[in-house]
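Peer 1: have a look at this prediction, sequence included:
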Amino acid sequence: MLTRLVRFLLLAVTCGCVQASAHAAAQSGATQTASQVVDPKIEALAKQWLRRSETGNPDRRQLSAPMNAFLTPALIRQGAAQLGRLGSPTAFSYIGSQSSAPGTSYQFVATFRTVRLNWLMSVDPNGKIDGLSFWPYHPKVHMHEGQLLAALRTELQRDSAAGRFTGAVLVAKDGKSIFAHAYGLADRERSIPNTLKTRFRIGSMNKMFTAVAVLQLVQAGKLGLRDPLGKYLTSYPNKDVASKVTIQELLTHTGGTGDFFGPQFDTHRLALRTLGDYVQLFGNRALAFKPGSRFEYSNYGFHLARCNYREGERRGLL
């Protein structure tokens, strides 16, 4: 729906390009035939929608009642503002159509200066739009392994030289590495380059690894989701927290353990190097609410889940 367009276009406008790929025909079910010609009335309707969107005035009369109910004026203005940033399409090509009760779905590709969008439009039997979907367009490219890796290497070298990418890239096939290279600087002040052993801050992606590791232990019967934090982390400073908050509540942001970002973190952030450093700084903090009573984002909760795992592992209990 249009909300997907808004989210995507915010990204497209920021980046200036789109690297995502989409299998257009597979997503829409449209039949892709080069010789097929769209009904001029349908194409005119689609083009009119684009033109009117650019001015923030799409023709709501062309929409069915359900779509009018969904596409509020505020949402239309938001989407139109993002469309307007892309300018007018330089090309508007038809891919195919599919009959679907009670109407027909038409798929187009709208080409703008910096991006191409797949555009799926459903039209009811009365000729009104009853569905709109947008997603990035990227044609399928078939390469053998050598061509793919050469293209990847060229793209990474170009982006690294232009300052658009710094990091490490690994491509594996059948469990074996077929491409591994590091680009850019790990420390710009001291001109230290990245290597394949450079450690990167991956932020909240750590939560996924923590959750999987903990749940693997639960699956193996070595840990219980209803176990209290203090079962393994026996030295935790706040005994109330240690005895009341469960592993499940830590993983679901319902333990009342709070967010560690704030003035206290800002003051001591350069000294926070290990899991224990965080516990020493925040371990006496009281609960924000009764565990399990409500949801409130808690990065510290996931930190405690990691501490619990590490302590149990250290003591040979897991």
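Peer 2: The structure has been received and is ready for your questions.

Peer 1: which parts of the protein are strands?
Peer 2: Applying DSSP state E to the chain gives strands spanning 91-100, 103-111, 116-123, 129-136, 167-173, 176-183, 185-187, 192-193.

Peer 1: out of those strands, which gets nearest to residue 268?
Peer 2: strand 185-187 (21.9 Å; Cβ to Cβ). Using the backbone N, CA and C atoms, a C-beta is placed for each residue, glycine as well.

Peer 1: what lies in contact with the closest one?
Peer 2: When contacts are defined by Cβ atoms under 8 Å, 6 or more residues apart in numbering, strand 185-187 is touched by residues 166, 191, 192, 193, 194, 195, 198.

Peer 1: can I have the buried ones of these as a PyMOL selection?
Peer 2: In PyMOL, a selection of the buried entries from those looks like this (16 or more other Cβ atoms under 10 Å):
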select buried, resi 166+194+198
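
Peer 1: quick revisit: in a markdown table: the strands of the chain, plus mean pLDDT.
Peer 2: Shown next, in a markdown table, are the strands of the chain (pLDDT from 0 to 100):
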| stretch | mean pLDDT |
| --- | --- |
| strand 91-100 | 66 |
| strand 103-111 | 72 |
| strand 116-123 | 74 |
| strand 129-136 | 70 |
| strand 167-173 | 96 |
| strand 176-183 | 96 |
| strand 185-187 | 94 |
| strand 192-193 | 95 |
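
Peer 1: now render those as TSV, adding distance to residue 261.
Peer 2: TSV is the format used below for the strands of the chain (distance: least, Cβ to Cβ, whole Å):
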stretch	distance to residue 261
strand 91-100	46
strand 103-111	41
strand 116-123	36
strand 129-136	32
strand 167-173	24
strand 176-183	29
strand 185-187	24
strand 192-193	27
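
Peer 1: with residue 150 as the reference, name the closest of these.
Peer 2: Here strand 176-183 is closest among the strands of the chain (Cβ to Cβ), at 10.0 Å.

Peer 1: strands paired with the closest one, and their directions?
Peer 2: Using DSSP bridges, strand 176-183 pairs in its sheet with strand 167-173 (antiparallel).
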